[in-house]
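*Asks:* Provided below for reference: sequence and predicted model.
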Amino acid sequence: MKEYKSRRNKVTLTDEGIVRKEFSDKACCEKEALALRALNGCCAPPILNKGDAVIETGLVEGDLLLDRYLRAAPGEAEKLAKTLAQTITYIYDRLHSITFDENFRNYIVKGDEIVRVDFEEITEGTLEEWCAKVCAFAALYEVRDRVKLAFIDTLCKNLPIDREAFGEEFKKEVKFLSDRWQAKTGS
């Protein structure tokens, strides 16, 4: 059995290839189950079983978006952003909600698609807010500026967002993440 890194929950991969997520908060388990059922295996792992505070899903094999982004050239960053925009649009259209934590570890690049694997922190919000969250992470990861710009510009061009509203949200998100990351490192 393999264990995955998670801030709050115990996430393991069984010998049978099933991802088992044991939640520390039952309400978060319910949120995630509702989202996974609504998405029905599209842009998300298929839900196989739900218990009291446990969800089992199929394994989504591929690379973490973070790993691909960190080693991307500008052209690859554009491709990743365009594919991520399709995923975000699909999820938003189905859930009418946004995800809170846009850490690129919450996405898996599987062939020509990107799959979101964490839905416990979904909340009301706009596409501008969601895009700003993603772009703030993209801007703060340590990659070349050309890669960051290619990714952010392509993502924004491929989502139906108001650029001015996005800009305001982006400033807030960059400040929030910068403060949070600095607090974690103690700098």
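*Replies:* Everything's here; your move. Numbering: from 1, shown residues only.
*Asks:* going forward, measure contacts between C-alpha atoms and count neighbours the same way
*Replies:* Fine.
*Asks:* count the residues that sit near C131.
*Replies:* Per other CA atoms under 10 Å, the neighbour tally for C131 reads 23.
*Asks:* correction: the previous question concerned V147.
*Replies:* Using other CA under 10 Å, V147 has 23 neighbouring residues.
*Asks:* test my guess that it contacts A72.
*Replies:* Yes - V147 lies in contact with A72 (CA atoms under 8 Å); the separation is 7.0 Å.
*Asks:* got the phi and psi for H96?
*Replies:* For H96, the backbone dihedrals (degrees, to the nearest 10) come out as phi 50, psi 30.
*Asks:* count of neighbours near L64?
*Replies:* Number of residues near L64 (other CA under 10 Å) recorded here: 17.
*Asks:* which residue is the nearest non-sequential neighbour of it?
*Replies:* I108 (4.6 Å; CA to CA, 6 or more residues apart in numbering).
*Asks:* kindly report the same for D52.
*Replies:* K26 (7.3 Å).
*Asks:* roughly how far out does the helix or strand hosting A33 sit from the chain middle?
*Replies:* Using DSSP states H and E, A33 maps to helix 26-39. Its chain's C-alpha centre and that of helix 26-39 lie 15 Å apart, by CA atoms, centre = their mean, to the nearest Å.
*Asks:* contacts for that helix?
*Replies:* Here helix 26-39 makes contact (CA atoms under 8 Å, 6 or more residues apart in numbering) with 23, 44-47, 50, 52-55, 91, 94-95, 118-122.
*Asks:* how deep is the closest residue to F166 other than its chain neighbours tucked in, by neighbour count?
*Replies:* Spatial nearest neighbour of F166, chain neighbours left out: E128 (4.7 Å); criterion: CA to CA, 6+ apart. E128 is flanked by 22 other residues according to other CA under 10 Å.
*Asks:* now do T126
*Replies:* As a burial measure, T126 scores 16 neighbours (other CA under 10 Å).
*Asks:* got it, and K82?
*Replies:* That count, for K82 with other CA under 10 Å as the rule, works out to 23.
*Asks:* so how far is A44 from it?
*Replies:* Distance, K82 to A44, using CA to CA, to the nearest Å: 17 Å.
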